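Q: Below is the sequence, then the predicted model.
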Number of protein chains: 2
Amino acid sequence: MSWEENVRKVVPYTPGEQPKTTNVIKLNTNENPYPPSDAVWACLSSVHPQDLRLYPDPAATDLVHAIAEVYGVKDSETFAGVGSDDVLAMCFMTFFHGKKPILFPDITYSFYDVWADLMEIPYETVPLDEDFRICPGDYMKENGGIVFPNPNAPTGEKLGLDAIEKIIAGNPDSVVIVDEAYVDFGAQSALPLIHKYDNVIVTQTFSKSRSLAGVRIGYAFGPEKLIKYLNDVKYSFNSYTMNRLTIAMGAACVRDVETFRANCRKVMDTRAWVTEELRDLGFIIHESSSNFLFATHPRVDAGELFAWLKEKHIYVRYFNKPRINQYLRITIGTDEDMRTFCDTLKEYPGIGEDKV
Amino acid sequence: MSWEENVRKVVPYTPGEQPKTTNVIKLNTNENPYPPSDAVWACLSSVHPQDLRLYPDPAATDLVHAIAEVYGVKDSETFAGVGSDDVLAMCFMTFFHGKKPILFPDITYSFYDVWADLMEIPYETVPLDEDFRICPGDYMKENGGIVFPNPNAPTGEKLGLDAIEKIIAGNPDSVVIVDEAYVDFGAQSALPLIHKYDNVIVTQTFSKSRSLAGVRIGYAFGPEKLIKYLNDVKYSFNSYTMNRLTIAMGAACVRDVETFRANCRKVMDTRAWVTEELRDLGFIIHESSSNFLFATHPRVDAGELFAWLKEKHIYVRYFNKPRINQYLRITIGTDEDMRTFCDTLKEYPGIGEDKV
């Protein structure tokens, strides 16, 4: 016997690389290329340095209220956490505590199986179809819960609200979590369904469409009862997760709807021309409703291209996993960054030859 | 069958009240009455608003390195989290994953049993002796792990390093967590023991002695192997727990050793005269090595006094629990606050009559 036997041993999630240098074009972790609302920094003056000695409001009321107000729901239908990873971790802990396997797509956010392993939640992956699409009919089997992103990651493919409703309505005995990290770039939110079904949680984040990955804010909407259960678990884990500055900055940020919409629009406009240009270069690109593209090239090994781009100081994301190991996930950056990216690609042997 | 059966249902920890108004004397959550180092606010200018769009360093390297440097240990022996509650929650999840009950005192930080319940960790409480002291000999029985605060809360009593070492040495097959939230106010840290034993974790916080409760920073020291296991679990829960501002503020704060020492000294000086004065008023006070006093009065019902003080806008902490329901936990505030507190007490029927 040794204390080793009492240790929970896990294989952690590997986040995309955060290079220390600034002379790279960083298209690997789906950050927004535009700065957040000016209101974010300005609001810091509302926090007095000497107040930092006091605990923050454990309920993060100002932030929760601002989010609820902007989205037209009640505070009691809203939950806030340290990024949507924290929110999702709390959701897994709260709602996936049964004995039956939870379901999620085989190709999806690669943190789901990590959380399931960490919390010893049995799970089954449901294969996407040949075109990498989620098929609602595949989720009509016994399960202990369901989670999927919409749009899905890393494919960027969205699911229509009718399809999502089918999954929720078809699983009244499970909590269904719709992970909407990328929803603001072209998909429809399942938010209205929290008033129609008692078993749905919708999660979103400030890290993508609101340009605040560096501050760590995520949130969830759900029927009051589910949000209550979620808060009970959160308060059993850490009373004060959101610090004073984060609460103030998040509340200011969410209220600036104009900057948020303008930044999303710019990313979508850039996505449109980059998609077209990459297709011209011979890439096969999934129709993206997110702030990234999922691309493969019939004549190019994705792993090798990934490494070559890194040498050229362009970071994209490569997943060495079954079915997707010939794809790259490319975050949409500024027009300038994407121009450099496209031009650099043309130097790679085998790319763009169709055009010649 | 319903989704309700899959829900983890828990009774959450109740933190001390955070009143919305500012016209109270707040002696209920052990915050430091003095502002944090000026360096904390000044360092914000090192963070560029536009960088907030980028994820923070998942390893919080700058913060971890600053803490390690100040305490003279390696970065690889240091872990940082969102307050010591987050650090302790991660520790429970990582090291208390066996089948045998973990041990902690019957009178102690009231989050321990909440974490154990949340994570379904079996536990046994070990009674303090009649004088509310931890007896190392009581921890020499089969267990799946041990955790205790030093000084203990809410008693404020410290345990000597020899006694702590006895517990660690006597339990080579368990990880022993020494929760040193209050250690800087007069107890000795078990930090040196991480180089002598392979089974000890020491946790500390910026919330008390460093006046940064509002920013949420806690940390842990341990042998490299334990810190590696702890990081694996952290990275399996949330890659990025510490935001960009927190990392910068924490690193600046921990390096200002002078402010830290001066604030601790002031709190201890105030504690000395308040202890004396309360004893003169008939209170029985435990010898405190923390930034609070644990006090009972033979002629006064603690619950009633608690409520009465609240009406007078003085918040202290009352735990309606066996053995301690005739005690109040009183945070040490400024000299001015404590003067008002002591003077107010004199108005209460039954207090101070010995003196008359």
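A: Looks like it came in fine. The structure displayed is predicted, hence computed values, not measured ones.
Q: Mind naming the longest helix for chain A?
A: Using DSSP state H, we find that the single longest helix of chain A is helix A:257-280.
Q: How far does that helix sit from its chain's centre?
A: In terms of CA atoms, centre = their mean, to the nearest Å, the centre of helix A:257-280 is set 18 Å apart from its chain centre.
Q: Now the element after that helix, going C-ward?
A: strand A:284-285 (DSSP states H and E).
Q: For that following strand, which helices and strands make contact with it?
A: Counting by 3 or more CB pairs under 8 Å, 6 or more residues apart in numbering or on different chains; DSSP states H and E, the packing neighbours recorded for strand A:284-285 are helix A:257-280, strand A:292-296. The way it works is simple: take the backbone N, C-alpha and C, and place the C-beta from them, glycine included.
Q: can you pull the contacts of the closest residue to residue A:156 other than its chain neighbours?
A: Leaving aside its sequence neighbours, residue A:156 sits nearest to residue A:288 (CB to CB, 6 or more residues apart in numbering or on different chains; 3.5 Å). For residue A:288, the contacting residues are A:151, A:156-157, A:185-186, A:271, A:275, A:294, by CB atoms under 8 Å, 6 or more residues apart in numbering or on different chains.
Q: Kindly report the same for residue A:87.
A: A:79-81, A:203, A:205, A:218-220.
Q: Strands - which of these land there?
A: Per DSSP state E, strands hold the following members of the contacts of residue A:87: A:79-81, A:203, A:205, A:218-220.
Q: touching chain B at all, the least confident helix or strand in chain A by mean pLDDT?
A: Between all helices and strands in chain A, the lowest mean by mean pLDDT, DSSP states H and E belongs to helix A:38-42, at a mean of 92. Yes: using CB under 8 Å from any CB of the partner chain, helix A:38-42 reaches chain B at A:38, A:40-41.
Q: Distance from the chain centre to stretch A:330-344, please.
A: The answer for stretch A:330-344 is 21 Å, by CA atoms, centre = their mean.
Q: make that stretch A:281-296, sorry
A: 17 Å.
Q: Just the endpoints, please. Distance across it?
A: 11 Å (CA to CA, to the nearest Å).
Q: Which positions within that stretch qualify as buried?
A: Within stretch A:281-296, the residues scored as buried using 16 or more other CB atoms under 10 Å in any protein chain shown are A:281-283, A:285-286, A:288-296.
Q: Looking at the residues you listed, which gets the smallest pLDDT?
A: For the buried residues of stretch A:281-296, the weakest pLDDT value sits at residue A:286, with 88.
Q: Name whatever forms a beta bridge with the closest residue to it other than its chain neighbours.
A: Nearest residue to residue A:286 in three dimensions, chain neighbours excluded: residue A:294, at 4.7 Å (CB to CB, 6+ apart). Per DSSP bridges, the residues bridged to residue A:294 are residue A:329.
Q: Would you mind measuring from residue A:294 to chain B?
A: 20 Å (CB to the nearest CB, to the nearest Å).
Q: Residue A:172 versus that residue, what's the distance?
A: Using CB to CB, to the nearest Å, residue A:294 is found at 33 Å from residue A:172.
Q: In the stretch 51-200 of chain A, what residue lies closest to chain B?
A: residue A:98 (3.5 Å; CB to the nearest CB).
Q: what sits against that residue?
A: A:144-145, B:5-6.
Q: can you tell me which two in those residues are farthest apart?
A: Using CB to CB, the pair of these lying farthest apart is A:145 and B:5, separated by 11.0 Å.
Q: Could you list every helix and strand in contact with the strand or helix carrying residue A:167?
A: Using DSSP H and E, residue A:167 sits in helix A:161-169. Under the contact criterion of 3+ CB pairs under 8 Å, 6+ apart, helix A:161-169 touches strand A:176-179.
Q: Could I get the helices and strands packed on strand A:284-285 in TSV, plus columns for distance to residue B:260?
A: Listed next are the helices and strands packed on strand A:284-285 as TSV, based on distance: least, CB to CB, whole Å:
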stretch	distance to residue B:260
helix A:257-280	39
strand A:292-296	44
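Q: which one of those is the most hemmed in?
A: strand A:292-296 (a mean of 24; mean count of other CB atoms under 10 Å in any protein chain shown).
Q: packing partners for the helix or strand that comes right after that one?
A: Downstream of strand A:292-296, the next assigned helix or strand under DSSP H and E is helix A:302-311. Under the contact criterion of 3+ CB pairs under 8 Å, 6+ apart, helix A:302-311 touches strand A:317-318, strand A:327-331.
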